[in-house]
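Q: build the 3D model from these lines:
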Amino acid sequence: MPDAVTLAPAAPSARFTLRARAAAIAAAAAPLGTGLPEVACRAATAGVVAALWLGPDEWLLLAPEAEGPALAARLAAALDGLPHALVDVGHRQGGLLLGGPAATEALNAGCPLDFDPDAFPIGMCTRTVLAKAEIVLWRLGAESFRVEAARSFMPYVRQFLEEAGRAFAAA
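A: Numbering: from 1, shown residues only. Next up, the predicted model:
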């Protein structure tokens, strides 16, 4: 099964963390094109922009790299005067796209989560660990995930997933 696990770099992305409370959460909806998810561990998307819930008042915002400055400007204008923190973390982390029929098994080689579709459905996201690295994991489809990690850990995360994938390719 040579394509049991596929791994590719995610397209270059703008990344922001947003910390906010009720008034700023509501104000962020228009520039994002979607409301921020307020249900734990869920993502919301609108076109090319995604908002991933990381905590009760924290979201990771993703957009194509070229959209970053415009998105930041729209958010700054909408959130002006409201208590919030919007931080550009685009150079802090990178992304990988993981897929294939054994993607969940490759993740489980180093991640303690239950990837059964009932426990971790499409659209779910969370901050977790993969072996010794902290990651943000987002389920994009039945057999596809986006993995975000600190750039300094990206070679480790990539190698870990490649080795785990080879184990399933040989099976």
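
Q: okay, now the domains of the protein?
A: 13-88, 92-170 (automatic domain parsing).

Q: what's the closest of the ones you listed to Thr6?
A: domain 92-170 (4.6 Å; CB to CB). (Glycine included, C-beta is placed from N, CA and C.)

Q: could you give the separation of the closest one from the chain centroid?
A: 10 Å (CA atoms, centre = their mean, to the nearest Å).

Q: tell me the contacts of the closest residue in space to Gly90 that isn't next to it in sequence?
A: Spatial nearest neighbour of Gly90, chain neighbours left out: Arg15 (4.6 Å); criterion: CB to CB, 6 or more residues apart in numbering. Arg15 sits next to 60-62, 88-90, 92-93, 148 when contact means CB atoms under 8 Å, 6 or more residues apart in numbering.

Q: rerun that using 7 Å as the cut-off
A: Shown in contact with Arg15 (CB atoms under 7 Å, 6 or more residues apart in numbering): 60-62, 89-90, 93.

Q: that older thread, nearest to Ala4, out of the domains of the chain?
A: Ala4 lies closest to domain 92-170 among the domains of the chain, at 3.8 Å (CB to CB).
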